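Novice: Pasted the sequence and its predicted model underneath.
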Amino acid sequence: KLLKDEDLRQECKDLMSTLPMEPTYKLYQYQGFWYGSWALQGILSCQKHFEANDKDIILVTTPKSGTTWIKALTFALLNRNKHPHTQKNHPLLVTNPHILVPFLESLFYDEKYIVSNLSQFPSPRLLSIHAPYVSLPKSAKESNCKIVYLCRDPKDISVSMWKFMETLMPEIRGSNLFDEFFELFCRGVNLYGPFWEHVLEYWKESLKRPEKIMFLRYEQMKLHPTLVLKKLAEFLGCPFSKQELDNGMLDDILKLCSFDNLRNLEANKKGTISMFGFDIENKSFFRRGEIGDGKNFLTMEMVEKINTITQKKFSQYGLNF
Ligand code: A3P
């Protein structure tokens, strides 16, 4: 189900009428990045109403970078005393991670909801957003809240995003629109794109303020999950004690949040969640969960093209994808 543009707030409609628009996927360019209409409304409301506090933890990701995974891991990590992994009805066993750690853009569709409900979130509030740094609410930048940033190889993102969009828009399934989508992706015209600028903004900020922004990559999490989770716990001010490590707590959290475990839960196999103007099937957040799957789908030319762009944009900043 697609929320209709007529139902957007007037201020959003007014703004949209002034913004550059990409017609195939109806994306609007705001502050240099591309949004669907409902995400745009959410971002505008966040900018206006969201007040971050020093204890908040905000997970920021480029779409299809493993948001579901980092949400699950961070939730399990922060709640490891309240909800031990042995708990039979651990929230992660019965609830999709996107419900446990909501997207601010989606919460903020409805301005009235947010003012009354966000204050009731237990502290530290664990929230998420896809917004580029430039469009983060001011308080998220200026307070001492922590930001965990996650991105991924753009080849894998482009394919993961397309496969995800096929689940949302049946009309593009089996079409030959992927080539056009890929071209747009390379030009930065995709949800929350340009990917490269999104990454660079947070990369630079994380170098300036490493105590505020932790920069992570999906590949790093797949290859070195133990190390990443340990560092994440330290960054968030809740390091694993020796006793916890000896008791296997860290490995248990990794197992709880593993692709195979989460994907096979009823809560993630069934049901839908409303976000970004769509009713999204929970199962569509779990596809292959591998490094390098993009190459199984892209032509050699496509791989070369995207690698060249990445190299050109990133190499001078010491980022190697
Ligand atoms: P693929 O489409 O390559 O399989 P997001 O959560 O940001 O929407 O990203 C979705 C991507 O993360 C999908 O990638 C999905 O399969 C993968 N993913 C979801 N849960 C995961 C987990 N627990 N571990 C590793 N990868 C996961």
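Specialist: Cool, the structure landed.

Novice: thought residue 232 was touching residue 77?
Specialist: Yes - Residue 232 lies in contact with residue 77 (CB atoms under 8 Å); the separation is 6.6 Å. All C-beta atoms are positioned from the backbone trio N, CA, C, and that covers glycine.

Novice: Which residues of this protein lie near the ligand?
Specialist: With CB under 6 Å from any ligand atom as the criterion, the chain meets the ligand at residues 61, 63-69, 156, 160, 163, 257-259, 262, 285-289, 293.

Novice: ok, 8 Å please
Specialist: 61-72, 150, 152, 156, 159-160, 163-164, 218, 221-222, 257-259, 261-263, 285-290, 293-294 (CB under 8 Å from any ligand atom).

Novice: Please spell out the PyMOL selection for the buried subset of those residues.
Specialist: Restricted to buried positions by 16 or more other CB atoms under 10 Å, the PyMOL selection for these reads:
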select buried, resi 61+62+63+64+65+66+67+68+69+70+71+72+150+152+156+159+160+163+164+218+221+222+257+258+259+262+263+285+286+287+289+293+294
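
Novice: What segments of the stretch 151-300 of the chain are helices?
Specialist: Assigned by DSSP state H, counting those that start in this stretch, the helices in the stretch 151-300 of the chain fall at 154-168, 178-186, 195-208, 218-223, 225-235, 242-246, 249-256, 259-263, 266-269, 300-314.

Novice: Now the fifth one - C-alpha only, CSV.
Specialist: What that stands for is helix 225-235. What follows is helix 225-235, C-alpha atoms only, in CSV (Å, rounded to 0.1, in the frame of the first residue of the first chain):
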residue,chain,number,x,y,z
PRO,A,225,31.8,-9.3,14.0
THR,A,226,33.4,-9.9,17.4
LEU,A,227,35.7,-7.0,17.1
VAL,A,228,33.0,-4.7,15.8
LEU,A,229,30.5,-5.6,18.6
LYS,A,230,33.2,-5.1,21.2
LYS,A,231,34.1,-1.7,19.8
LEU,A,232,30.5,-0.7,19.5
ALA,A,233,29.9,-1.5,23.1
GLU,A,234,32.9,0.6,24.1
PHE,A,235,31.8,3.4,21.9
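
Novice: Which strands or helices does it pack on?
Specialist: helix 67-78, strand 146-151, strand 213-217, helix 249-256 (3 or more CB pairs under 8 Å, 6 or more residues apart in numbering; DSSP states H and E).

Novice: In the stretch 101-250 of the chain, what residue comes closest to the ligand?
Specialist: For the stretch 101-250 of the chain and the ligand, the shortest gap (CB to the nearest ligand atom) falls at residue 160, measuring 3.2 Å.

Novice: out of everything not next to it in sequence, what's closest to that residue?
Specialist: Using CB to CB, 6 or more residues apart in numbering and skipping residues adjacent in sequence, the residue nearest residue 160 is residue 64, 4.0 Å away.

Novice: ok, that neighbour - contacts?
Specialist: 152, 156, 157, 160, 161, 164 (CB atoms under 8 Å, 6 or more residues apart in numbering).

Novice: What's the local residue count around residue 124?
Specialist: 17 (other CB atoms under 10 Å).

Novice: likewise residue 129?
Specialist: 28.

Novice: ok, residue 273 to residue 280 distance?
Specialist: To residue 280, residue 273 is 5 Å away according to CB to CB, to the nearest Å.

Novice: burial of residue 56, as a residue count?
Specialist: Look at residue 56: counted by other CB under 10 Å, it has 22 neighbours.

Novice: CSV for the contacts of residue 64, including pLDDT?
Specialist: Listed next are the contacts of residue 64 as CSV, based on pLDDT from 0 to 100:
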residue, pLDDT
152, 98
156, 98
157, 98
160, 98
161, 98
164, 97
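
Novice: can you pull the contacts of residue 156?
Specialist: Contacts of residue 156 were listed using CB under 8 Å, 6+ apart, and they are 64, 218, 291, 292, 293, 294.

Novice: ok, so of these, who is nearest residue 203?
Specialist: Distance to residue 203, by CB to CB, is smallest for residue 218 among the contacts of residue 156, at 14.7 Å.

Novice: could you list every residue that touches that closest one?
Specialist: So residue 218 contacts 65, 66, 69, 150, 151, 152, 153, 156, 291 (CB under 8 Å, 6+ apart).

Novice: Need phi/psi at the nearest residue to the first one once chain neighbours are set aside.
Specialist: If I follow you right, that is residue 65. Nearest residue to residue 65 in three dimensions, chain neighbours excluded: residue 152, at 3.9 Å (CB to CB, 6+ apart). Main-chain dihedrals, residue 152, degrees, to the nearest 10: phi -160, psi 160.
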